[in-house]
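In: structural data only, the sequence is not supplied:
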Ligand code: PEP
């Protein structure tokens, strides 16, 4: 049985006061039913400067901490970078790698993403690998080819067994921050494809892998998406910034 993972990607939003209010509201608003739900884990990914403070705020709760990015390098002369070991040191358990905003706005290639994935794993972080196609790629019928390429770079670098220590988020770029969610069937098709690609290499890894969906998930569409057989939770952007919205999504997972 795979547990749902509901992950909030706060992106470059918030400040000390807003984060503390948000995390306080998430923790206090989490009904006992959700806290006790054994089928869902909750992760928050605040901006780098606030990781240590948020780690203190979630101390003693079941909320997990992740970063939004990680350096491919271990240490040294890499101005502005943050290593996986540093992220572990401030309490992170997860690191997002290859978010589409990193790929498109900062030109991260699939090979660089694969190097970040490997660096995260080596330091004991769970990489949450983001993959997804643009609208043009979907309309040209290239969704699977694009995703296969993004996945293959990681498989080439780290091998299929490494995927057992990671999670994947399928995030169609056309659905991120646009309010245009993939239908549960559209998302399920891609999730099934990803699991199938891995199944061909290692059935156990494929069966245990959590594949999250991301792209305009909200309280009113989460249950439909999470109810699909290969969707194991969500990576949530905009709706993770409001406790009530985020809790509604967590609640949808907890009731399935
Ligand atoms: C994201 O940034 O990963 C994301 C899914 O954003 P949103 O939920 O706002 O579409």
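Out: Arrived safely, thanks for sending. Predicted model, so just to flag it, every value in this text is computed and none were measured.

In: for the stretch 1-150 of the chain, which residues are neighbours of the ligand?
Out: residue 9 (C-beta under 6 Å from any ligand atom). Backbone N, C-alpha and C define where each C-beta goes, glycine included.

In: mind listing the helices for the stretch 1-150 of the chain?
Out: Ranges of helices within the stretch 1-150 of the chain are 16-29, 32-36, 51-57, 84-89, 100-105, 110-122, 135-139, 143-158, based on DSSP state H, counting those that start in this stretch.

In: contacts made by the fifth one with the rest, please.
Out: Taking C-beta atoms under 8 Å, 6 or more residues apart in numbering as the criterion, the residues outside helix 100-105 that touch it are 11, 69, 108-109, 113, 130, 132, 171, 173, 176.

In: please redo it, this time with the cut-off set to 6 Å
Out: With contacts defined as C-beta atoms under 6 Å, 6 or more residues apart in numbering, helix 100-105 is touched by 108, 132, 171, 173.

In: do the same with the first one
Out: Identification of contacts with helix 16-29 by C-beta under 6 Å, 6+ apart yields 46, 50, 54, 57, 61, 243, 247.

In: how far away is the nearest residue to residue 70 once chain neighbours are set aside from residue 126?
Out: Excluding its sequence neighbours, the residue lying closest to residue 70 (C-beta to C-beta, 6 or more residues apart in numbering) is residue 95, at 4.2 Å. As judged by C-beta to C-beta, to the nearest Å, residue 95 and residue 126 stand 7 Å apart.

In: those two - which one has more neighbours?
Out: The neighbour comparison of residue 95 against residue 126 (other C-beta atoms under 10 Å) goes to residue 95, with 28 against 18.

In: where in this protein is pLDDT low?
Out: Residues of the chain that meet the criterion pLDDT under 70 lie in 33, 37.

In: where do the strands sit along it?
Out: 4-9, 40-45, 64-67, 94-97, 126-131, 167-170, 210-214, 233-236 (DSSP state E).

In: still on that earlier bit, out of the helices of the stretch 1-150 of the chain, which is the most enclosed?
Out: helix 110-122 (a mean of 21; mean count of other C-beta atoms under 10 Å).

In: which residue does the stretch 101-250 of the chain bring closest to the ligand?
Out: residue 237 (2.1 Å; C-beta to the nearest ligand atom).

In: my guess is that residue contacts residue 9. True?
Out: Yes: counting by C-beta atoms under 6 Å, residue 237 does reach residue 9; the two are 5.2 Å apart.

In: higher neighbour count, these two?
Out: Ranked by neighbour count (other C-beta under 10 Å), residue 237 and residue 9 place residue 9 first, with 26 against 23.

In: can you give me every residue that contacts residue 153?
Out: By C-beta under 6 Å, 6+ apart, residue 153 lies in contact with 110-111, 114.
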